[in-house]
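Q: This is a predicted model, with the sequence first.
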Amino acid sequence: MFTIGKASEQSGVNIETIRYYEREGIVPKPGRSTAGRRLYSHDEIATLRFVRRCRDLGFPIPIIQTFLSLTEQDDRSCGEVKLLAENHLDEINTKIENLTKLREALLSLSSNCDDGTATCPMLESLMKDGFGNVGIEQNRH
């Protein structure tokens, strides 16, 4: 059995994050020593590591909870996991497209800047109601 510090070290999950995961029911609360200290088993540390890896891939907590519930099922469906992963990948691709548009807009705006002039085309463009033809959407997510 391991203390929360050792569990943090071995799983790569910050101590406060471990406590948060326990409070929110993402991972079960571990047993406690007679002194009241949390004690983690190898399996509980493996679960923390699993959650960290999922978070590293950008999966939201509800999806991670689904993954955890599926790991407990003997007849789990890989199809469900694949669908969740593909949906997440679609979201990532949308973010990449939006970031690419944002990058292009900033490049376009900043390319019009001249050092030492009284009027900055980029600032003037940003003060307008729209962004003109720089190619980014006005609505924010």
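A: Received it, and whenever you're ready, just let me know what you need.
Q: which residue ranges form the helices in the protein?
A: All helices of the chain, identified by DSSP state H, fall at 4-11, 15-23, 42-56, 61-71, 78-111, 121-127.
Q: Indicate which one of these is closest to S33.
A: Set against S33 and scored by C-beta to C-beta, these come closest in helix 4-11, at 11.0 Å. Yep, even glycine has a C-beta here, placed from its N, CA and C like the rest.
Q: okay, the angle between that closest one and helix 15-23?
A: Counting by axes from the mean of the first three to the mean of the last three C-alpha atoms, to 10 degrees, helix 4-11 lies at 100 degrees to helix 15-23.
Q: hmm, who's touching helix 4-11?
A: Contact partners of helix 4-11, identified using C-beta atoms under 8 Å, 6 or more residues apart in numbering, comprise 2, 13-15, 18-19, 30, 37-38, 40, 44-46, 48-49, 52.
Q: tell me the two of these that are most distant?
A: R37 and R52 (21.7 Å).
Q: Kindly reformat the helices of the chain as JSON lines containing mean neighbour count and mean pLDDT.
A: JSON lines is the format used below for the helices of the chain (neighbours: other C-beta atoms under 10 Å; pLDDT from 0 to 100):
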{"stretch": "helix 4-11", "mean neighbour count": "17", "mean pLDDT": "95"}
{"stretch": "helix 15-23", "mean neighbour count": "15", "mean pLDDT": "95"}
{"stretch": "helix 42-56", "mean neighbour count": "16", "mean pLDDT": "95"}
{"stretch": "helix 61-71", "mean neighbour count": "15", "mean pLDDT": "91"}
{"stretch": "helix 78-111", "mean neighbour count": "12", "mean pLDDT": "91"}
{"stretch": "helix 121-127", "mean neighbour count": "13", "mean pLDDT": "74"}
